[in-house]
Every structure is written in structure tokens, then in C-alpha cells.
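>>> compute the structure for the input listed below.
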Amino acid sequence: MWKRIRTDLIILFLLTFCLISYYLPGAPSFAGLPEKDIKLQVESLNGVADETTDQITRATIDTMNFFCERSDFALTRSVTILLTANRNAFQQEVISRFKISDKDASRATKGVDVLAGNGLIILNTQGIPANQQQIFLTAHEVTHQYQRQNVSPSRPQPFWLVEGMAEVVGANIVERQGYGTLNFYRNNCLAELQASTNKPDLQELNDGHDWGQAISEYGSPLPHKVAGLAVLYLTEKHGFRSVTQYMQNISNGLSNNDAFKKTFGYPFPEFIKEYQKLITPAK
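Numbering: from 1, shown residues only. Okay, here's the model as predicted:
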């Protein structure tokens, strides 16, 4: 049934950095390097093109590399990325892997080509044919796995932060793969948000209910761009590690506002004013 399991490149990546760290004194340390028994593997079902499997495997490796270099987040449990060839296979795997009914699977997969849970990401590769889309979406979903494994589920994170971080990592991995630049991502988001007269405010994207309402009212792209550009703005000023520290400060018990001030050195309402100014077109 399985066409190919690509753990080889990922294992080679991990071994390379382990050997560098062991044999070279003063070699750079990668705080987020997964333990040797942790696997992040890509599995592809029959009908998935070899090129697609290789592309998504490379995007997975680059995402792991990014977190090793830029954060203290690490994977502590294994993650599988399952590639399906079409919508029917996608829905069947969702039913089987998540153990839900046909009706629930149809509802869960409506209008989407990826579904994820703890330790599992299922992709419909037919629905995301472009290389840039595959890279971005893979990095986005792998980022959510890092988030799940590194912050407390009992301390809800702002949704704009959760989704915005995943968008920023996606844009970084697209750049690493040579399909675009962060400048293009930034300028594209900024142009669209400045041109839009009806878009959500960042404060409207705090929890799951808010996020769902924003998606219903504005569509999916605008809330993701609002969140993505906000996190990119923070990472450009303070570095990507600061954003993961913000999450960890919330996870450790601070309120969102107190965690923001501790992490970035100024109050969250001031950031909102800065950001509003950024996305408001000059008169």
C-alpha cells in the first residue's frame, strides 16, 4: 500500500549535525535539534509523484533546520506527514487515521487539503500542485506540531500568534527553497492589507472562536495575512526566537499582555498602534 517512506534524508540531516557538534569543538549548537529517537517522517501513498514526495521531504528538513537554528523549540514526540494522491484517498485516510465517520470527515475536509492532529499531518497533494504551495503548507503545518509540543495546552495562545508564526516559517522555508523571498511575502501582505477596506483587526483574532468568525466574515487569506505580517514585524525587530519566548512566557503562566511586555519590552497596546499604522495606507 505504501509507495515510499522518506526518513532517509531526515535521518541523514540529523546525523550530520550530531557529528559536527560532537567532533568539532566550538561548532555551533542547535538548541532545538530533535533527540535521535524522535522521527519526523514523510509517507506517501500510491499515486503520489516521486517529485512531490522529495519536495515535501526537503521542506520538512528545512523546517526542522529552521527551528534548530532560530528557537528553543524541539520535537519530543514523533510526527508523520502522510501524502495522499487525491481527495478520495485524503478523505479515506482522514476517516481511518482520526477514527471519525464519513459525515464528520466530509465536514472536516470541506474546502481544505490538509488536516492535522497530534503527531499527524495528512495532505491531499492533488489540491496543492504548485511547489511553492507545497513548501509553504508543509512548513506551516510542521510549525503547528512544534507549537503543540512546546507550549502548555492549558494556557491558550493568541490565535494571531499561533497562525502568524506558522505563516512566517512558511515564508522563510519558501525563501530557503528558492521560490520567493521574505521581502516579496512582506510586500504582498502589506499591499493587500493596505488595499483592503474591510479586514480584521489583530485584536479580533485572539481565540479560536474569534478566528473562526474572522474566516467566515473575511475569508481565509486576510486573517492569515494580518497575523503573518504582525509576527513578521515582531521577528524583524526582535528575532524569531523572541516570538517562541513569547509563547513560552504565556505557557508559563503570564497573561498575554504581561508576556508581551516581558518578551518585547513594551506594552501590547503600543504594538497594536504601531501595527495599525503599518497597515493603514498613507493619506
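>>> thought Ile173 was touching Thr143?
No. At 9.3 Å, Ile173 does not count as touching Thr143 under the criterion of Cβ atoms under 8 Å. Glycine gets a C-beta too; all of them are placed from N, C-alpha and C.
>>> so where is the stretch 1-150 of the chain shaky, pLDDT-wise?
Applying pLDDT under 70 to the stretch 1-150 of the chain picks out residues 1-38.
>>> residue contacts, the nearest residue to Tyr275 once chain neighbours are set aside?
Closest residue in space to Tyr275, ignoring its immediate chain neighbours: Ala230 at 5.6 Å, by Cβ to Cβ, 6 or more residues apart in numbering. For Ala230, the contacting residues are 160, 164, 202, 275, by Cβ atoms under 8 Å, 6 or more residues apart in numbering.
>>> ranges for the helices of the stretch 51-200 of the chain?
Applying DSSP state H, counting those that start in this stretch to the stretch 51-200 of the chain gives helices spanning 87-98, 102-108, 131-150, 159-176, 182-195.
>>> starting at the chain centroid, how far to the longest one?
Helix 131-150 sits 4 Å away from the centroid of its parent chain (Cα atoms, centre = their mean, to the nearest Å).
>>> equivalent analysis for the last one, please.
Shown here is helix 182-195, whose average C-alpha point lies 19 Å from the average C-alpha point of the whole chain (Cα atoms, centre = their mean).
>>> cool, stretch 244-262 as well?
Relative to its parent chain, stretch 244-262 has a centroid offset of 19 Å by Cα atoms, centre = their mean.
>>> just to revisit the earlier point, three-state assignment of the residue nearest to Tyr275?
Assigned with DSSP: H, G, I helix; E, B strand; the rest coil, Ala230 falls in the helix class.
>>> same question, Ser44
Secondary structure state of Ser44, per three-state DSSP, is strand.
>>> correct me, but Asn131 touches Gly180?
No. Contact criterion Cβ under 8 Å: Asn131 and Gly180 do not qualify, at 10.5 Å.
>>> hmm, back to that, which residues are in contact with both of Ile173 and Thr143?
With contacts taken as Cβ under 8 Å, 6+ apart, Ile173 and Thr143 have Thr63 as neighbours in common.
>>> domain assignment for the protein?
According to automatic domain parsing, the chain comprises the domains 1-150, 154-283.
>>> state the mean pLDDT of stretch 195-205.
For stretch 195-205, the mean pLDDT works out to 93.
>>> so which bits of that stretch are buried?
For stretch 195-205, the neighbour count (16 or more other Cβ atoms under 10 Å) marks 196, 199-200, 202, 204-205 as buried.
>>> format these as JSON lines; extra columns: distance to Ser44.
As requested, these are arranged in JSON lines below (distance: Cβ to Cβ, whole Å):
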{"residue": "Ser196", "distance to Ser44": "38"}
{"residue": "Lys199", "distance to Ser44": "38"}
{"residue": "Pro200", "distance to Ser44": "36"}
{"residue": "Leu202", "distance to Ser44": "38"}
{"residue": "Glu204", "distance to Ser44": "38"}
{"residue": "Leu205", "distance to Ser44": "34"}
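>>> out of these, who's nearest Arg107?
Arg107 lies nearest to Leu205 out of those, by Cβ to Cβ, at 23.2 Å.
>>> does the closest one really touch Phe159, like I thought?
Yes. With contacts counted by Cβ under 8 Å, Leu205 reaches Phe159, the gap being 5.2 Å.
>>> what sits against Asp62?
Asp62 sits next to 139, 173, 176-177 when contact means Cβ under 8 Å, 6+ apart.
>>> ranking these by neighbours, who comes first?
With neighbours defined as other Cβ atoms under 10 Å, the most crowded of these is Ala139; it has 27 neighbours.
>>> how much space between Glu236 and Asp207?
Noted for Glu236: a distance of 26 Å to Asp207, by Cβ to Cβ, to the nearest Å.
>>> err, Lys103, not the other one
Counting by Cβ to Cβ - Lys103 and Asp207 are separated by 27 Å.
>>> those two: which is more packed in?
Neighbour count, other Cβ under 10 Å: between Lys103 and Asp207, Asp207 has more, with 13 against 9.
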